[in-house]
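Enquirer: Show me how the following folds:
(one chain, ligands or ions: 1)
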Amino acid sequence: MPSTPPGARGAVITGWGVALPDKILTNVDLESMMDTDDEWIRDRTGIVQRHVGGTTAGLSTEAGRAALDMAGVGPDDIDALILATTTPDRAVPASASTVQDQLGLTSCGAFDLNAACSGWVYALVNAHGLIAMGARRVLVIGTDTLDRITDYHDRNTGILFGNGSGAAVLEAVDGGGQLLGWDLDSLGEAESALYAEIGGVLQMEGREVFRRAVRLMADSATNALTSAGVSADDITLVVPHQANIRIISASLDRLGIPLERASIVLDRTGNTSSASVPLALAEALDEGRVSDGDLILFVGFGAGMSAASAVVRWSPNAAEFTDDGANDE
Ligand code: UT7
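Expert: The predicted structure is shown next:
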């Protein structure tokens, strides 16, 4: 199992931001569009509403700008922009190119990364790889506009999905940085459980995805905890992919982590795929749920079926890291 090698140049998150389109689709709105009801959706998923509208590049630019402002960095300071998305605005070019232009990032590589709902955690790990290889700052955005590939008349899928974006600035530090351990996973044999053809809408075997998701999340999180050399008890905050409150609850049960330690936004956002983890992270940070030294566990899963986890020791201050490495403890 891979882990962050000793001596690798690390990074810290120095800014974050989110964007949600204004238009809201409530469960009650859906009652007139398909054979469902508010109570069933709340009970079986935890979702009350989702946001629809906007474009992947537009939402990414809004979230990315907020993250850059918070980090206090200018357009010349970003070396790479990774946009995790499964719903780019066009087949070519990458939506990251549009975002790079709209943010005015002048000397920066930009690319899309598609690992479905695990995308932002995949991007976070890859950004650390770029920083280990010399990048100074990487803007990591997760955005999806799932309303473009969701049939809101199909009750198997239409109750779940919405649009959103979340972003973070990762900044290189001299020491080991925040990332203690990570895991990237793929179970290609299960890809038929959740897919959309090019130009088509999402097709899903809901129960099969549910069953596999619980195991995948628990296994991936366990791998990341092991690679970080910490236990589930050490985790202060879990930032899970926001698909269904019952999936989050069952996977945390397996890990022995109380649900109260998770950041949950799905009641207000639905499943926003690549955006769900950074949206939940931003809310927890804004609410002051994390203090210096606390451990955060990110865990995502999605179509593919993909999974990704990361364990981070929180410190928002790059200056606190030295060559001794704050993660050597
Ligand atoms: O990022 C990954 C994305 N996808 C997921 O994470 C999805 C994972 N799966 C799920 O979240 C759940 O399987 C669903 C929310 C999709 C479905 O919940 P469930 O508890 O697995 O429901 P079910 O498919 O077992 O259906 C239970 C009952 C059935 O009725 P009967 O046969 O018991 O009479 C369904 O026909 O609920 C019925 N049903 C609904 N009723 C009202 C199924 N969907 C709906 C609905 N509204 N939207």
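
Enquirer: isn't Arg50 right next to Gly270, touching?
Expert: Yes. Taking contact to mean Cβ atoms under 8 Å, the distance of 3.1 Å between Arg50 and Gly270 places them in contact. (Glycine included, C-beta is placed from N, CA and C.)

Enquirer: Give the intersection of the neighbour lists for these two.
Expert: When contacts are counted by Cβ atoms under 8 Å, 6 or more residues apart in numbering, the set common to Arg50 and Gly270 consists of 160-162.

Enquirer: mind checking which helix or strand Ala96 is in?
Expert: Here Ala96 is covered by helix 95-103, with elements defined by DSSP states H and E.

Enquirer: And that helix, what does it pack against?
Expert: The helices and strands touching helix 95-103, judged by 3 or more Cβ pairs under 8 Å, 6 or more residues apart in numbering; DSSP states H and E, are helix 56-71, strand 80-84, strand 109-113, strand 137-145.

Enquirer: which one of those has the most crowded surroundings?
Expert: Across those, the average number of neighbours (mean count of other Cβ atoms under 10 Å) peaks for strand 137-145, which reaches a mean of 31.

Enquirer: That strand near the ligand anywhere?
Expert: No. Residues of strand 137-145 are not located near the ligand by Cβ under 6 Å from any ligand atom, the shortest gap being 10.1 Å.

Enquirer: could you give the angle of that strand to helix 56-71?
Expert: Using axes from the mean of the first three to the mean of the last three Cα atoms, to 10 degrees, one finds that strand 137-145 and helix 56-71 are set 140 degrees apart in direction.

Enquirer: ok and strand 137-145 relative to helix 95-103, angle-wise?
Expert: Interaxial angle of strand 137-145 relative to helix 95-103 (the same axes, to 10 degrees): 110 degrees.

Enquirer: tell me the contacts of the nearest residue to His128 once chain neighbours are set aside?
Expert: Among residues not flanking His128 along the chain, Leu179 sits closest, at 5.1 Å (Cβ to Cβ, 6 or more residues apart in numbering). Contact partners of Leu179, counting by Cβ under 8 Å, 6+ apart, are 4, 10-11, 124-125, 128, 310-312, 327.

Enquirer: let's see it at 6 Å
Expert: 4, 128, 312 (Cβ atoms under 6 Å, 6 or more residues apart in numbering).

Enquirer: ranking those by neighbours, who comes first?
Expert: Going through the contacts of Leu179 with other Cβ atoms under 10 Å as the criterion, the one with the most neighbours is Val312, at 28 neighbours.

Enquirer: neighbour-wise, which of the shared contacts of Arg50 and Gly270 leads?
Expert: That'd be Gly162 among the shared contacts of Arg50 and Gly270, by other Cβ under 10 Å, with 30 neighbours.

Enquirer: For the protein, which residues are neighbours of the ligand?
Expert: Residues of the chain found near the ligand (Cβ under 6 Å from any ligand atom) are 36, 40, 44-45, 117, 155, 159, 194, 204, 206-207, 209-210, 213, 243-244, 247, 271, 302.

Enquirer: which ones are touching the residue positioned nearest the centre of the chain?
Expert: With distances taken as Cα atoms, centre = their mean, the chain has Val277 as the residue nearest its mean C-alpha position (3.1 Å). By Cβ under 6 Å, 6+ apart, Val277 lies in contact with 120-121, 239, 241, 298, 300.

Enquirer: Narrow those to those in helices?
Expert: 120-121 (DSSP state H).

Enquirer: and which of the contacts of Val277 is nearest the ligand?
Expert: Using Cβ to the nearest ligand atom, the shortest approach to the ligand within the contacts of Val277 belongs to His241, at 6.2 Å.

Enquirer: Distance of that closest one relative to Ile47?
Expert: To Ile47, His241 is 13 Å away according to Cβ to Cβ, to the nearest Å.

Enquirer: Settle it for me: which of these two has more neighbours?
Expert: His241 (31 against 26).

Enquirer: one step back: from the shared contacts of Arg50 and Gly270, which is closest to Asp77?
Expert: Taking Cβ to Cβ as the measure, Asp77 sits nearest to Gly162 out of these, at 31.8 Å.

Enquirer: quick one, what contacts that closest one?
Expert: Gly162 neighbours (Cβ under 6 Å, 6+ apart): 50-51, 269-270, 272.

Enquirer: Excluding sequence neighbours, find me the nearest residue to it.
Expert: Spatial nearest neighbour of Gly162, chain neighbours left out: Arg50 (2.7 Å); criterion: Cβ to Cβ, 6+ apart.

Enquirer: Doesn't the one you found lie inside a strand?
Expert: Yes. Counting by DSSP: H, G, I helix; E, B strand; the rest coil, Arg50 is found in a strand.
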